[in-house]
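Asks: Only the shape, not the letters, is given here:
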């Protein structure tokens, strides 16, 4: 059965959205018109922003709507929880929903108090624009952006079953502190405990392999809300959900701060799944590996050194392959250099897949990232 | 008893050195004129370069001299060990020492075979320049340089006891793959097992807190050779050794690739020594923290987020202080912002100490690093 991409974003059947942005602040609203079911995955950082603390509690009981803002993280501020509750009251009174059923998410600078007057003004404007049209989902995605250069949404349909999502996040090169917010909607009729499990599994394969969680920000949030209108098998739902989360994860990597290239690191034949994941993530995290790709420099020594730092290997058994639209080439094969001239040609493309064969076992993992450029430094030296 | 800095470098009494550089290749020689005792600390990377494998074995039995080259790492090449042995033969015949008593160290590009003709030609020239003068130690330090902008040497004397060292290493921003080579000489009469223990302890406090080992390169090497001429207590020797290794570690951080600022992260009142070390190292490793200092941006949110990713803390108990020649300021104190205008002034200096008080226990650690700049990206995109 084919999965069809749609333009709906989070505006799948049963949902409305809106987004408004003015200057550094933006506000997005997403709401479900039916009694519904929700799940969430949140930052593991021990310094958790107030909206994370509040929303994690509420998601378990079930939320029907979300208010999210960019411009201020509402993190590490004494009045944080009070202000986050107030944000849910603002949304609740606009949407006619009890505040307890509203999720709150924030992204922006840490350590500053959120300006509730601005939030209220933007939320009022957004409330008037709520609709089920794809354009409204896009407006919500735009309202979340901080250093992102593009709004990000992916949505799919398969025989009446729908899953759609929007997200923000662009600091993938230094993923540990780039807040990722993601909101996913669906009409799948799945009970809460299964919904939560499906979301956790899906995040593990997608966002956690773009390293967003490895060292998560104070505010990282992924929320899934279902209108529970459509019966479906759990496995079918999982497939659609994975499609959306992996699609969004790739978009985050492609929009990495200052990125000039999109990189996928595939690790094959690792000794076990943990090793495969760790090596794939370590490669995606290494500044020296990432700058080499920026420089279109077939310097595979940095790759093998990163592998050797992450796990026990015999370098003489490893193969490293680069592929892109310009072809495929083994740059290092069990102790021998490959055709580095050809490698240089392969590296000229914007999208590159690096495949590492460890020849230890059968486990596999893929990570998603981008290169490291001067522009990244500029963005992050100046961001405030 | 005062410790006096000297200009001798590795040319402490009983030692000679020389260095020659031509183009990308450089060769350094260091040799002891007496039967002597040696110790070494080597990379933990599972992909170890051939000279590391060879030299670790030899150091235990005792080496009297070292030949080191820049320009090629002699790593991940099938002929690596054979070529490393050949290098020791070249040095051995020049110095009149059995090859088994010669240590070998290399730094440069991984995955290329070393050019022994060049090594031999440079070694011959170096052999003719061997001397005990401070200038010869400096020439050896210069011969080791790759992306370093400055040669690095530190040497001290206290009542006839001498310790001196030279090192290279400049990729401190992405320390995992910047090879560090360090050679230390002394006249201390300490038996081999104690010499090894003293070196390990000293490296732990110095180079390992500049993150060189956290994820070490394929080639990282620290070698200590003693002429055993001078009786001394172990504790007195340890103090001088620590002075040299910490001094060299700071020089590496100050010469970080593309660095515009030198940063020290002090973690106070951690729950235990491991936590103190981990937080100090995590702060020194974070690209977002480092770019913020480059931008002279008092964005302490990135610091607290990094701390929260590393260990369990209550942010409302933490104090973060910046100090420099321009003054000292608490930018965040247990939930409250400090004077950020004053912080901006403090950040205008080239050397900055960041002190974090966790208020959990009594443990302490300091890490050494530098900021992350566009220049770092340029250096690493182009390096080949």
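Replies: Here it is on my side, so go on. Keep in mind it's a predicted model, so treat the numbers as computed, not measured. Residues are numbered from 1 along each chain as shown, chains lettered A, B, ... in the order given.

Asks: contacts, neighbours, all on C-alpha from now
Replies: OK.

Asks: Could I get the full set of helices for chain A?
Replies: Under the criterion DSSP state H, chain A carries helices at the ranges A:50-61, A:80-95, A:116-129, A:134-144, A:192-205, A:234-254, A:273-285, A:287-294, A:301-310, A:340-346, A:374-382.

Asks: chain center to the longest one, what's the gap?
Replies: Relative to the chain's own centre, helix A:234-254 is displaced by 10 Å; criterion: C-alpha atoms, centre = their mean, to the nearest Å.

Asks: Which secondary structure elements does it sit against?
Replies: Packed against helix A:234-254 by the contact rule (3 or more C-alpha pairs under 8 Å, 6 or more residues apart in numbering or on different chains; DSSP states H and E) you find strand A:152-158, strand A:161-168, helix A:192-205, strand A:262-270, strand A:363-370.

Asks: tilt between the second one and helix A:234-254?
Replies: Going by axes from the mean of the first three to the mean of the last three C-alpha atoms, to 10 degrees, strand A:161-168 is angled at 20 degrees with respect to helix A:234-254.

Asks: who touches strand A:161-168?
Replies: The set of residues external to strand A:161-168 that reach it, using C-alpha atoms under 8 Å, 6 or more residues apart in numbering or on different chains, is A:8-13, A:137, A:140-141, A:144-146, A:148, A:151-157, A:179-188, A:230, A:232, A:237, A:240-241, A:244-245, A:248, A:252.

Asks: What strands line up against it, and which way round?
Replies: Take DSSP bridges as the rule and strand A:161-168 pairs in its sheet with strand A:152-158 (antiparallel), strand A:181-188 (antiparallel).

Asks: contacting residues for the residue lying closest to residue A:260 once chain neighbours are set aside?
Replies: Distances taken as C-alpha to C-alpha, 6 or more residues apart in numbering or on different chains place residue A:371 nearest to residue A:260, at 6.4 Å, with adjacent residues excluded. Residues near residue A:371 by C-alpha under 8 Å, 6+ apart: A:173, A:259-263, A:290-291, A:293-294.

Asks: Now with 10 Å, please.
Replies: With contact set as C-alpha atoms under 10 Å, 6 or more residues apart in numbering or on different chains, residue A:371 has these partners: A:172-173, A:253-254, A:256-263, A:284-296, A:350, B:381.

Asks: ditto for residue A:82
Replies: Contacts of residue A:82 by C-alpha under 10 Å, 6+ apart are A:50-51, A:54.

Asks: Kindly indicate the member of the residues you listed with the most neighbours.
Replies: Among these, residue A:51 has the most neighbours (other C-alpha atoms under 10 Å in any protein chain shown), with 29 neighbours.

Asks: That one and residue B:145: what is the separation?
Replies: 50 Å (C-alpha to C-alpha, to the nearest Å).

Asks: Residue A:358 too?
Replies: When distance is defined by C-alpha to C-alpha, residue A:358 is 33 Å away from residue B:145.

Asks: ok, the residue in the stretch 51-200 of chain A that chain B sits nearest to to residue A:198 distance?
Replies: Closest residue of the stretch 51-200 of chain A to chain B, C-alpha to the nearest C-alpha: residue A:110 (4.8 Å). As for residue A:110, its distance to residue A:198 is 31 Å (criterion: C-alpha to C-alpha).

Asks: Of these two, give the one with the bigger neighbour count.
Replies: It is residue A:110, of residue A:110 and residue A:198, that has more neighbours when counted by other C-alpha under 10 Å, with 25 against 21.

Asks: ok, now which ones touch the closest residue to residue A:289 other than its chain neighbours?
Replies: Nearest non-adjacent residue to residue A:289, counting by C-alpha to C-alpha, 6+ apart: residue A:302, 5.7 Å away. By C-alpha under 10 Å, 6+ apart, the contact list for residue A:302 reads A:283, A:286-290, A:292, A:308, B:109-111, B:176-178, B:217-218.

Asks: which one of those residues has the most neighbours?
Replies: Most crowded among those, counting by other C-alpha under 10 Å, is residue B:218 at 36 neighbours.

Asks: how far away is that residue from chain A?
Replies: Going from residue B:218 to chain A by C-alpha to the nearest C-alpha, to the nearest Å gives 6 Å.

Asks: quick one, domains of chain A?
Replies: Domain assignment of chain A by automatic domain parsing yields the ranges A:4-232, A:262-382.

Asks: Quick check: end-to-end length of stretch A:353-361?
Replies: Per C-alpha to C-alpha, the first residue of stretch A:353-361 is 21 Å away from its last.

Asks: That stretch and chain B in contact?
Replies: No: interface with chain B: stretch A:353-361 contributes nothing (C-alpha under 10 Å from any C-alpha of the partner chain), its closest point being 12.5 Å away.

Asks: Give the residue spans of the stretch 151-300 of chain A that score low on pLDDT.
Replies: For the stretch 151-300 of chain A, residues meeting the criterion pLDDT under 70 lie at A:170-178, A:211-216.

Asks: By proximity to chain B, which residue of it wins?
Replies: The minimum distance from the stretch 151-300 of chain A to chain B, using C-alpha to the nearest C-alpha, falls at residue A:295 (4.1 Å).

Asks: Check whether that residue really touches residue A:350, as I assumed.
Replies: No: the criterion here is C-alpha atoms under 10 Å, and residue A:295 misses it with residue A:350 at 11.9 Å.

Asks: Against residue A:225, how distant is residue A:192?
Replies: Residue A:192 is 10 Å from residue A:225, by C-alpha to C-alpha.

Asks: the more surrounded of the two?
Replies: residue A:225 (30 against 19).

Asks: mind checking how far the closest residue to that one other than its chain neighbours is from chain B?
Replies: Sequence neighbours aside, residue A:38 is the residue nearest to residue A:225 in space, at 4.4 Å (criterion: C-alpha to C-alpha, 6+ apart). Note on residue A:38: its distance to chain B, by C-alpha to the nearest C-alpha, is 26 Å.
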